[in-house]
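Visitor: quick one, what's the 3D model for this:
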Amino acid sequence: MEALRSVSTVAPPIRAHLSKPIFSLSFSQKKPKSPLTNLTELPKSKFTKLHVISPTISTEPTSSPEPEEETGSLDQGERFDWFSHWYPVVPVCDLDKSAPRGIKVVGLDIVVWWDKNDNEWKVFDDRCPHRLAPLSEGRIDQWGRLQCVYHGWCFSGSGDSKLIPQAPLDGPPVHSFPKACVAVYPSTVQYGILWFWPNTDPKYRDILTKKKPPYVAELEDPSFSFQTFNRDIPYGYEFLIENLMDLSHVPYAHHGILKTPEPR
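Guide: Residues are numbered from 1 along each chain as shown. Presented below is the predicted three-dimensional model:
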């Protein structure tokens with residue numbers, strides 16, 4: 001077994017401040033697969049070993065490791081790209097198809113709305129290209145377009161501007177100008193949760209064909225039942241993780257829920 005002498009961590013960029021929403025999945029097994037256990041073996045990770053290399057202290061083993069079929073590794077100086085992964089946005093059961101909804105995920109303000117013409121949920125940048133008004137405060141018009149609440153600009157599911165009420169009918173087609181379009185994020189629904197890819201670059205338009213959201217085997221296992229909870233928390237993920245790792249606070253911060261230790 002290799003001894004890991006030093007771990008070098010890299011803080012995420014400031015814009016990757018995950019504030020909300022936070023999801024938790026609680027599982028309960030309906031039928032145990034064996035009378036000897038109530039647990040189902042979780043799928044093994046494809047990574048058998050992780051090498052983390054510090055820029056100052058070597059983490060190379062003193063002896064040659066045995067051959068591995070597949071090894072995950074982080075090269076020296078390599079940073080985790082927070083904006084090249086799928087993120088859960090909200091359970092679709094909490095969404096209203098008749099109105100847009102604004103949400104902040106990984107520091108990005110996005111608007112989620114139902115496109116009845118494409119029959120799917122869409123995720124846009126929550127800013128009208130005209131005066132940057134929040135599109136989440138707008139409405140869905142009678143033609144199923146997302147309409148800005150400020151000047152009534154209307155957008156299709158592809159982000160194209162379909163109507164600028166203030167533009168003359170006999171004038172140039174200003175609604176088709178690139179600067180009149182809204183930035184669209186790739187999105188998909190999996191396990192009843194809406195996911196989005198936090199990059200509007202056109203090269204990621206078909207990212208779903210190359211990379212899919214994380215696979216959770218239990219959610220497709222009929223022997224398990226699960227519930228999805230969504231809670232908005234007004235602080236970053238690092239505070240949440242630090243809090244969850246500190247178990248000694250539980251009987252005091254959550255007094256009355258768990259038994260308080262007897263005084264010594």
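Visitor: and the helices in the stretch 101-250 of the chain, which stretches?
Guide: 237-245, 250-253 (DSSP state H, counting those that start in this stretch).
Visitor: how far does the first one sit from the chain's center?
Guide: Its chain's C-alpha centre and that of helix 237-245 lie 17 Å apart, by Cα atoms, centre = their mean, to the nearest Å.
Visitor: buried residues in it, which are they?
Guide: By neighbour count on 16 or more other Cβ atoms under 10 Å, the buried set for helix 237-245 is Y237. C-beta: built from backbone N, CA, C; applies to glycine.
Visitor: can you show me the CA trace of that helix as PDB?
Guide: C-alpha atoms of helix 237-245 as PDB (Å, rounded to 0.1, in the frame of the first residue of the first chain):
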ATOM      1  CA  TYR A 237     -20.300  24.400  -0.400                       C
ATOM      2  CA  GLU A 238     -17.100  24.700   1.600                       C
ATOM      3  CA  PHE A 239     -19.100  25.900   4.700                       C
ATOM      4  CA  LEU A 240     -21.500  23.100   4.200                       C
ATOM      5  CA  ILE A 241     -18.800  20.400   4.000                       C
ATOM      6  CA  GLU A 242     -16.900  21.800   6.900                       C
ATOM      7  CA  ASN A 243     -20.100  21.800   9.000                       C
ATOM      8  CA  LEU A 244     -21.000  18.200   8.000                       C
ATOM      9  CA  MET A 245     -17.400  17.000   8.900                       C
END
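Visitor: for it, what is the average pLDDT?
Guide: Computed over helix 237-245, the mean pLDDT rounds to 89.
Visitor: before we move on, what about the last one?
Guide: Computed over helix 250-253, the mean pLDDT rounds to 86.
Visitor: summarise which helices and strands that helix is packed against.
Guide: The contact analysis (3 or more Cβ pairs under 8 Å, 6 or more residues apart in numbering; DSSP states H and E) places helix 250-253 against no helix or strand.
Visitor: what bridges to the residue nearest in space to the middle of the chain?
Guide: Geometric centre of the chain, nearest residue: Y87, 1.6 Å, by Cα atoms, centre = their mean. Beta-bridge pairing for Y87 (DSSP bridges): F196.
Visitor: in TSV: the helices of the stretch 101-250 of the chain, plus distance to P198.
Guide: As requested, those are exported to TSV (distance: least, Cβ to Cβ, whole Å):
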stretch	distance to P198
helix 237-245	14
helix 250-253	32
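Visitor: residues touching S98, list them.
Guide: By Cβ atoms under 8 Å, 6 or more residues apart in numbering, the residues touching S98 are W114, I140.
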